[in-house]
Structure formats: structure tokens, C-alpha cells
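Visitor: I'll drop the sequence and a predicted model, then ask my questions.
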Amino acid sequence: MQRLFNFKEKRFAVYGLGLTGKSVVKFLKKNKANKIFIWDDYSIKSNLKLKTKFKLNLDFVDYIIISPGINIRKSNFKNKLLKNKKKIITDLDLFFLKYRVKKSVIVTGTNGKSTTCSLIHHVLKKNRIKNKIAGNIGRPILDLKFIKNEIYIIEASSFQLEYSKFIKPYCAAILNISQDHLEWHGSKKKYVMSKIKIFNNQTKNNIALLNDLNLKKIYRRNKFSGKLIFIKNNPIKFKDIQNRYLQLGANTNNVKFAYFITKLFKISKNNFLRSLKSFKGLSHRHEFFLKYGGNMFINDSKATSFESTKYALKSNDNIVWITGGQPKKNDKININQFRKKIIKAYIIGNHTNFFVKKIRNKIKYEVTKNLKVTVNKIFRFIKKKQKLIILFSPASASYDQFKNFVERGEKFKNLVKYNAKKFN
């Protein structure tokens, strides 16, 4: 029998003290780790003595746990981290090392991860199958109370998978792949290879789910051990889905994967479709949140790339589109197929010239730079109009003006609600 992982014998360095980093420190202390060295670029950056101590100890710890999103190639500890790269793991690894998780589903991909994980969680719960959801969505996974027979639904980002070494999901799924986070990974090839690591430790008793032919070739080439299920056809028809949110084109693939995954846990097609009726969707993902004078407001702040925004543009007509933010490296913005759908665009953020170049001479637009001005102008624009879709789908990251896409989305919703009362 394999020896249990003994935290008391190990020394750890924790890099990053966001929600994930704090949960890691708490977990390591609870499990009486031998030594814990901590650093955060923001909260303790002025403590040079501690910084030096942390840097020196990277050579002597057994594992380095890095918070999601930290790019070691841009870190102050770059050389030390690259030298000790084999020691770098994630909070997901600690979870699997500690609990020997048998019933787990890990979902990754460029788009749809959060919705798919939430959908799986919802369907299983509706069918009285105990499960928890964590990872890149909701609570950090180490904050969960582990219960042996429960199913763990985990959303994993490419950042987490890049450094994970011990995860072993019962079911691993890659929903889709398109260019994203290239400024972090360096190239699409490296981005794809970070995703494919999700299958590394699977055995013949585990399931791998794909629907992309290129990924299938890579899977075969790497000779992974899991049982590959390649999804060719979609058994869930549009007419069978009695849920407006899930009928959106953006959710076709999410519903398909959720069906195949919940089927592994003995959920029938009829029970799956029945469960879909009560699924409410996620905040900031094509969120219908206000109807005003016959016009609909949609918060799609989670659309941090044009690939995500494309789904929203495809799914609507008569669009007043709010876009702009921090562009992603090599993101291709081409609105040619949506020109007839868009009535007018408003461009916000600190990189408006980038977006102007992409839409100039194609659609009407106005540079408004911030959300407050934009929403006010839109209410004046729609005053005597009806049946317009006001779509906030930025097609870019939020970091130029906001902490994250959640803060950006909440700001938009609050401004819309305020103006709705003001113009009433």
C-alpha cells in the first residue's frame, strides 16, 4: 500500500497571499507542516529582510505552492523559481495528496468552465447526489471540508495546470481551446500543453473527455492511460432545453459536456433535462438582469476575450455593444459577421485606440472611456427606442480600470439600476 503523504516531514514555500494562498497557509498549519515560508508581492513587498529570507529558502524547501496567475517568468524571484521549477505545485495538488480523492471531475478549457462546472453541480444536486464545487470557481478547494464519498467538481485554469503534478481526476474534460493568456504562457503551444496536463496521472479506470480533433491527436501521441471518450454528436437537442439561458449558443457545448459527465454518475437523459429547467446561470456570464422600456440589459463582464464575446454577439440582435479594456496578446477581433447585428458600440478603458482600429468604418461607435459616462449616454440613446439589447461584453481583461471582471460587472449593473431610476 502506498505510504500516505506526511506533511510533518516537508518544508513549504507559499508564494501569493490572495484567497488561495491564505487557504494554503491555513491548510499547511493545520496539517503541521515542518516549515512554512511566506511571501506576497503586494502585502509584504517593503520587508526586504523577509524577501531575502524567502528567496534563500526556495533552495531548501520541498515544495513551492504558487497562487494561480503568478507568472514565475515575470517574478522578482524568477531565477530561483526557474531553478526550482520541479518543486512548484498548486493547492489542487495538496488536496489530492492529502485526501487521495477518488470521485472527482476536473474541467478546463478556454471558455465555459465555470458554467459547465456549475451545471454539473446543479444536476447532481437535483438528483440527490452529494457533491461540492471548487477550484477556480467559488471557494478555494482547501477550504472545503472533505467527505470521502462526495463528488468534487473542480474548475482548473491553465495557470493551475501549468504547475500541477499530483492531480488525478476520475473524469477530466477539456471543453475547447482557443488563443488566450498568451502573455502568460508565451505561445499557443505552451498554453495547450498546460491544459493537456490534466490527463497526466490518469489510469485505465479514469475518463478523459474531448471534442476537439487536434486535442485528440495530442492525447493519442502522449499515450495517456485514461479511457478516452471523444464526443462527436450532441444528444441534447435545442427544443428539449426548457431554459432560456441554456438555449444560448454559448452554452451548447457546456450542456453537452455536462450531460456526458453526469451520465457517468448514472443520471438519465430525462432527469438531466428536467434538472436544466431550474438552472439560473452565473453572474457576469450573459446575465439578463434588467428590462427597461422594452430594452434588455445583459452583463457579460466575464467575456475577457473576443472569443467569449463572439457567443454573445451571435446570440443577440439589435445590439448596443459596450466593449473595451485591456487587450490580450494576439487576440483577434473581427466583427465582420456581426456588423448587421450591432446598432452602435461604446468603447471604454485605457486602450480605446486598439478597439477603434478594429471597428472603424464597420459600425457606428463612440469613445466614452468609462462606464459611468457610457451608461448615462446609453440611457439617453435608448430613451425613445425599444427592443434593443444593451450588451456589456468587453472582449478584454478588466485590469486597466478594475480589480477583476466581477468588480467590473457589478459596477455596470449598479450604474444601470441607478440610471433606470433616474430616467424613469
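Guide: Yep, it's here.
Visitor: what about Thr368, which helix or strand?
Guide: According to DSSP states H and E, Thr368 maps onto strand 365-369.
Visitor: List the buried residues for that strand?
Guide: 365, 367-368 (16 or more other Cβ atoms under 10 Å). From N, CA and C alone the C-beta is placed, and that goes for glycine too.
Visitor: which other helices and strands contact the biggest helix by length in the chain?
Guide: Using DSSP state H to define each element, the chain has its longest helix at helix 405-422. On a contact count with 3 or more Cβ pairs under 8 Å, 6 or more residues apart in numbering; DSSP states H and E, helix 405-422 meets strand 287-292, strand 295-299, helix 371-381, strand 389-392.
Visitor: got the contact list for it?
Guide: 283-284, 287, 289-290, 292, 297, 299, 301-302, 304, 322, 325, 371-372, 375-376, 379, 390, 392, 394, 397-398, 401-402 (Cβ atoms under 8 Å, 6 or more residues apart in numbering).
Visitor: If any of those residues are buried, put those into a ChimeraX selection.
Guide: Buried residues within the contacts of helix 405-422, by 16+ other Cβ under 10 Å, are selected in ChimeraX with:
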select :284,287,289,292,297,299,301,302,304,322,325,371,375,376,379,390,392,394,397,398,401,402
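Visitor: how about Lys387, what does it touch?
Guide: Residues in contact with Lys387 (Cβ under 8 Å, 6+ apart) are 294-295, 318.
Visitor: For Ala312, state which of the buried residues of strand 365-369 is nearest.
Guide: Checking those against Ala312 by Cβ to Cβ gives Tyr365 as the nearest, at 17.1 Å.
Visitor: Beta-bridge partners for that closest one, please?
Guide: Ala345 (DSSP bridges).
Visitor: From the opening residue of stretch 339-351 to its closing one, how far?
Guide: 22 Å (Cα to Cα, to the nearest Å).
Visitor: Pull the residues that contact it.
Guide: 313, 316-327, 335, 355-356, 359, 362-371, 374, 377-378, 381, 388, 394, 396, 400-401.
Visitor: doesn't Lys328 make contact with Ser396?
Guide: Yes. Here Ser396 reaches Lys328: they are 6.7 Å apart, a contact under Cβ atoms under 8 Å.
Visitor: Got the domain ranges for the chain?
Guide: 7-89, 92-276, 287-422 (automatic domain parsing).
Visitor: Dump these into TSV; add mean pLDDT as well.
Guide: Shown next, in TSV, are the domains of the chain (pLDDT from 0 to 100):
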stretch	mean pLDDT
domain 7-89	91
domain 92-276	91
domain 287-422	94
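Visitor: From Lys302, how far off is the residue nearest to Ser164 when sequence neighbours are not counted?
Guide: Using Cβ to Cβ, 6 or more residues apart in numbering and skipping residues adjacent in sequence, the residue nearest Ser164 is Thr90, 4.9 Å away. The gap separating Thr90 from Lys302 is 22 Å, by Cβ to Cβ, to the nearest Å.
Visitor: Glu155 too?
Guide: Glu155 is 13 Å from Lys302, by Cβ to Cβ.
Visitor: again with Gly294
Guide: From Gly294 to Lys302 the distance is 26 Å (Cβ to Cβ).
Visitor: same question, Val105
Guide: 21 Å.
Visitor: my guess is Phe224 contacts Ala208, does it?
Guide: Yes. The pair formed by Phe224 and Ala208 meets the contact definition of Cβ under 8 Å, at 6.5 Å.
Visitor: Who has more neighbours out of those two?
Guide: Ala208 (23 against 20; other Cβ atoms under 10 Å).
Visitor: where does that one land in three-state SS?
Guide: Following DSSP: H, G, I helix; E, B strand; the rest coil, Ala208 is assigned to strand.
Visitor: Touching, it and Ile196? I think so.
Guide: No. Ala208 is not in contact with Ile196 according to Cβ under 8 Å; the separation is 9.9 Å.
Visitor: can you map out the strands along the stretch 1-150 of the chain?
Guide: Along the stretch 1-150 of the chain, counting by DSSP state E, counting those that start in this stretch, strands occupy 11-15, 35-39, 63-66, 88-89, 104-108, 131-135.
Visitor: Make TSV out of those strands and add distance to Asn253 and mean neighbour count.
Guide: Shown next, in TSV, are the strands of the stretch 1-150 of the chain (distance: least, Cβ to Cβ, whole Å; neighbours: other Cβ atoms under 10 Å):
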stretch	distance to Asn253	mean neighbour count
strand 11-15	34	23
strand 35-39	39	18
strand 63-66	30	24
strand 88-89	30	22
strand 104-108	12	27
strand 131-135	19	22
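Visitor: Please convert those to CSV, extending it with distance to Phe238.
Guide: Supplementary listing: these in CSV, determined by distance: least, Cβ to Cβ, whole Å:
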stretch, distance to Phe238
strand 11-15, 46
strand 35-39, 50
strand 63-66, 42
strand 88-89, 42
strand 104-108, 23
strand 131-135, 26
